[in-house]
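In: Could you work out the structure for the sequence below:
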Amino acid sequence: MALAHALADKAGAVILPHFRTGLAVDHKGGAAFDPVTAADRDAETAIRQALAEACPSHGIIGEEFGESRGSSSYCWIIDPIDGTRAFIIGQPLWGTLIGLTSGGAPLLGLMDQPYTRERFWSGERDAFFRRDGQTTTMHVRPCATLADAVLASTTPDMFEGGDAEPFERLSRAVRLRRFGGDCYNYCLLALGHIDLVVECGLKPFDILPLVPIVERAGGVVSTWEGNDPREGGRIIAAGDPRLHALAMEMLAG
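Out: Residues are numbered from 1 along each chain as shown. Purely as a prediction, here's the structure:
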């Protein structure tokens with residue numbers, strides 16, 4: 001955990017000088033705009049260099065530079081800026097994601113937002129939030145019904161084809177839905193401000209570091225079918241297991 005915090009500090013020091021500066025934005029390719037900046041690349045490079053020095057036998061999977069296989073069972077999962085679209089327009093709704101797995105199972109997760117000086121992470125049994133040096137334990141809030149729930153998702157554009165109608169059906173049943181937020185939404189769920197996060201098309205580095213944060217705050221994370229979320233795809237996170245079951249049922253039709 002100490003190493004994860006040190007990695008977040010290094011990444012934040014690289015990223016912050018670029019934020020709200022009008023830096024160049026590249027498109028990774030594909031039909032949908034998929035932005036990447038020097039801040040993304042430089043932050044992941046800094047993390048990889050630190051890991052190579054601290055634990056050279058560990059593997060790494062990062063959004064910008066792919067997979068580096070290690071000789072041990074440990075693997076770090078890195079997304080230097082989750083929420084690059086928010087980053088390039090100056091919104092502080094992005095974060096650095098750092099996770100560690102052993103044999104594929106999540107051990108720890110951390111999300112750092114250096115601009116707001118907020119950090120969310122998982123301990124062995126609990127989840128924690130720190131701002132301006134003050135650390136508190138996080139807990140999800142109870143919410144047993146869809147009618148009382150607040151639902152968040154990064155963008156409606158991620159729900160394509162057959163996924164659009166089930167999501168629309170679910171979002172009509174909740175009290176409030178909001179778009180935008182990326183990784184921030186999962187941390188606000190762990191902090192007890194959001195009840196549901198529902199998304200599609202996630203990669204492992206988008207979700208795996210967030211799983212232990214949500215779970216150790218008392219929440220539930222799975223695919224829409226209730227399966228293991230570590231490979232990404234269609235994801236649902238809920239603070240209350242009762243709400244999780246109701247949302248899965250509605251998404252299934």
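
In: In contact with Phe167: list those residues for me.
Out: With contact set as Cβ atoms under 8 Å, 6 or more residues apart in numbering, Phe167 has these partners: Ser153, Pro156, Phe159, Val198, Cys200, Leu251. (Glycine included, C-beta is placed from N, CA and C.)

In: rerun that using 7 Å as the cut-off
Out: Counting by Cβ atoms under 7 Å, 6 or more residues apart in numbering, Phe167 makes contact with Phe159, Val198.

In: Make sure it is indeed in a helix.
Out: Yes. Per DSSP: H, G, I helix; E, B strand; the rest coil, Phe167 lies within a helix segment.

In: Distance of it relative to Gly239?
Out: 19 Å (Cβ to Cβ, to the nearest Å).

In: what do you get for Leu93?
Out: Counting by Cβ to Cβ - Leu93 and Gly239 are separated by 19 Å.

In: More neighbours: which of these two?
Out: Between Leu93 and Gly239, Gly239 has the larger neighbour count (other Cβ atoms under 10 Å), namely 28 against 19.

In: Am I right that the more buried one is in contact with Gly219?
Out: Yes. Using Cβ atoms under 7 Å, Gly239 is in contact with Gly219, at 4.8 Å.

In: can you list residues touching both of those two?
Out: Joint contacts of Gly239 and Gly219 (Cβ under 7 Å, 6+ apart) are Val140, Leu189.

In: Beta-bridge partners for Leu151, please?
Out: Going by DSSP bridges, Leu151 is paired in beta bridges with Arg177, Leu196.

In: Count the residues that sit near it.
Out: Neighbours of Leu151 using other Cβ under 10 Å come to 25.

In: Now do the same contact list for it.
Out: By Cβ under 7 Å, 6+ apart, the neighbours of Leu151 are Ser171, Val174, Arg177, Asp195, Leu196, Val198.

In: could you redo the last one with a cut-off of 6 Å?
Out: Going by Cβ atoms under 6 Å, 6 or more residues apart in numbering, Leu151 touches Ser171, Val174, Arg177, Leu196.

In: any idea of the pLDDT on it?
Out: pLDDT for Leu151: 98.

In: Please apply the same query to Gly253.
Out: Confidence score, pLDDT, at Gly253: 69.

In: Ok, Val25 next?
Out: pLDDT at Val25 comes out at 85.

In: wait, what's in contact with it?
Out: Per Cβ under 6 Å, 6+ apart, neighbours of Val25: Pro35, Thr37, Ile88.

In: Relative to Met248, how far out is the second one?
Out: The reference is to Thr37. From Thr37 to Met248 the distance is 36 Å (Cβ to Cβ).

In: what's the answer for the last one, then?
Out: Between Ile88 and Met248 the distance, using Cβ to Cβ, works out to 34 Å.

In: what's the span of stretch 199-207, first residue to last?
Out: 10 Å (Cα to Cα, to the nearest Å).

In: So which residues make contact with it?
Out: Glu63, Ile77, Asp79, Ser153, Met158, Phe159, Asp163, Pro229, Glu231, Gly232, Arg234, Ile235.

In: low-scoring stretches of the protein, by residue?
Out: Residue ranges of the chain with pLDDT under 70: 30-33, 253.

In: what residue is smack in the middle of it?
Out: Cys183 (3.5 Å; Cα atoms, centre = their mean).

In: pretty sure it is touching Thr96, no?
Out: No. Cys183 lies out of contact with Thr96 (Cβ atoms under 6 Å); the separation is 8.8 Å.
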